[in-house]
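Enquirer: whatever this is, show me its structure:
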Amino acid sequence: MDDKLCERLRTAAEAYRPDRERMLARVERGMAEGPSARTPLGPLPWLRVVGATAAVCGVLAVGAYAATSAGGGQTRGGQAAASPVPSASAQAAPGRVPELRTEDGPLWADGAVDPHSNAYWAQSNVTLRTTQPLSSLTVELRIAQTGGVNTTGSWRSLPEQDFTVSVQEEGGFLVYRWTLKPGRTVPVGTHTFAGQYNHAEGDRSADDDYFTANAARSTGQQVSVGDNFTSDH
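Expert: Sure, this is the predicted structure:
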C-alpha cells in the first residue's frame with residue numbers, strides 16, 4: 001500500500017506542467033518594481049508538489065527501516081523478530097575483577113589497603129607466602145584510576161637487586177610490576193610487595209583494585225594467584 005501511494009504521488013508530480021509564461025511575467029514584474037518593493041516569492045507550485053512527494057516517501061521509507069531495525073532485520077511468521085538484549089552483567093562497566101584464587105600449590109596470596117592510608121594518600125600491600133622456592137615470579141598490582149591517582153613509590157621485602165620494577169598507566173589502572181631477574185630465587189617464607197600513591201581527597205574505594213602473581217617452582221611447574229581489594233580508604 002505504501003509503494004502504491006508513493007507511485008501515485010510521483011505520477012501526479014510528473015504530470016504537473018507549470019505555466020512558464022506566467023512565471024516569467026511574475027519575475028519581470030518583480031524586477032521592474034525594484035528591490036524595495038519586491039516581495040519574497042514562495043516555493044513555486046511544482047516545487048511544492050515534488051517536495052511533498054519526496055517528504056511523504058521519505059517518511060514511509062524511514063518507518064519501514066525502523067520496523068525492520070527493531071526486529072534485527074529478520075522475521076518469523078510475518079512478525080519482526082526481537083533482538084537479544086544484553087544482560088545486566090554483560091552491560092556492567094569494565095574494570096571489575098574476575099574471580100581469582102588466592103592459593104595455588106605452594107603459593108598463597110592476600111591483598112589489603114594499608115591501615116596508615118589517609119584521605120590523600122594510600123598504600124596497597126600484596127602479601128605472598130610460598131612453601132617452596134620459586135625460580136621465577138612476576139607480581140602485578142593494579143590501582144584503578146579513581147581520580148588523582150599517581151605513584152609516590154613502591155617497595156618489597158625481598159632484596160631490591162633481585163627485581164626489575166616498573167610503574168605505568170595501563171587501561172585505566174596505575175600498574176606496579178615486580179619481575180624476578182633471571183638466575184635469582186624467591187626463598188620459602190612470607191614476602192610483601194607494596195605500591196604507594198596519592199589520590200583525590202576523600203575516602204577512596206579500592207573495590208576495582210586487584211593483583212596477580214605468576215610464579216614457577218624450581219621444578220618448572222607454573223602457579224598463579226590473585227585477589228582484589230575491598231577496603232575503602
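Enquirer: quick one: contacts of the helix or strand encompassing residue 213?
Expert: Under DSSP states H and E, the secondary-structure element containing residue 213 is strand 210-217. Outside of strand 210-217, the residues within contact range by C-beta atoms under 8 Å, 6 or more residues apart in numbering are 97, 100, 105-107, 109, 111, 124, 126, 128, 130, 132-142, 186, 222-229. Bear in mind the C-beta positions are built from the backbone N, C-alpha and C, glycine included.
Enquirer: kindly supply the PyMOL command isolating those of the residues you listed that are buried.
Expert: Selection command for PyMOL covering only the buried members of those, criterion 16 or more other C-beta atoms under 10 Å:
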select buried, resi 97+100+106+107+109+111+124+126+128+130+132+134+135+136+137+138+139+140+141+142+186+223+225+226+227+228+229
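Enquirer: which members of the contacts of strand 210-217 occur in helices, if any?
Expert: Applying DSSP state H to the contacts of strand 210-217, no entry is found in helices.
Enquirer: hang on, the earlier thing: for the strand holding residue 213, C-alpha coordinates in PDB please.
Expert: Written as PDB, here are the backbone C-alpha positions of strand 210-217 (Å, rounded to 0.1, in the frame of the first residue of the first chain):
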ATOM      1  CA  TYR A 210      43.500  -6.100  42.300                       C
ATOM      2  CA  PHE A 211      46.800  -8.000  42.000                       C
ATOM      3  CA  THR A 212      48.100 -11.100  40.300                       C
ATOM      4  CA  ALA A 213      51.200 -13.200  41.000                       C
ATOM      5  CA  ASN A 214      52.600 -15.700  38.400                       C
ATOM      6  CA  ALA A 215      55.500 -17.900  39.500                       C
ATOM      7  CA  ALA A 216      57.300 -21.100  38.800                       C
ATOM      8  CA  ARG A 217      58.600 -23.700  41.200                       C
END
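Enquirer: care to break the protein down by domain?
Expert: According to automatic domain parsing, the chain comprises the domains 2-80, 103-228.
Enquirer: and those, which one averages the lowest pLDDT?
Expert: If you rank the domains of the chain by mean pLDDT, domain 2-80 sits at the bottom with a mean of 49.
Enquirer: burial count for residue 168?
Expert: Neighbour count for residue 168, taken as other C-beta atoms under 10 Å: 10.
Enquirer: same question for residue 169.
Expert: Counted with other C-beta under 10 Å, residue 169 comes out at 12.
Enquirer: residue 133 is in contact with residue 187, correct?
Expert: Yes - using C-beta atoms under 8 Å, residue 187 is in contact with residue 133, at 5.9 Å.
Enquirer: contact partners for residue 105?
Expert: 132, 217, 221, 223.
Enquirer: switch the cut-off to 10 Å
Expert: Contacts for residue 105 (C-beta atoms under 10 Å, 6 or more residues apart in numbering) come out as 130, 131, 132, 215, 217, 221, 222, 223, 224, 225.
Enquirer: closest to residue 208 out of the residues you listed?
Expert: residue 225 (18.8 Å; C-beta to C-beta).
Enquirer: many thanks, have a good one.
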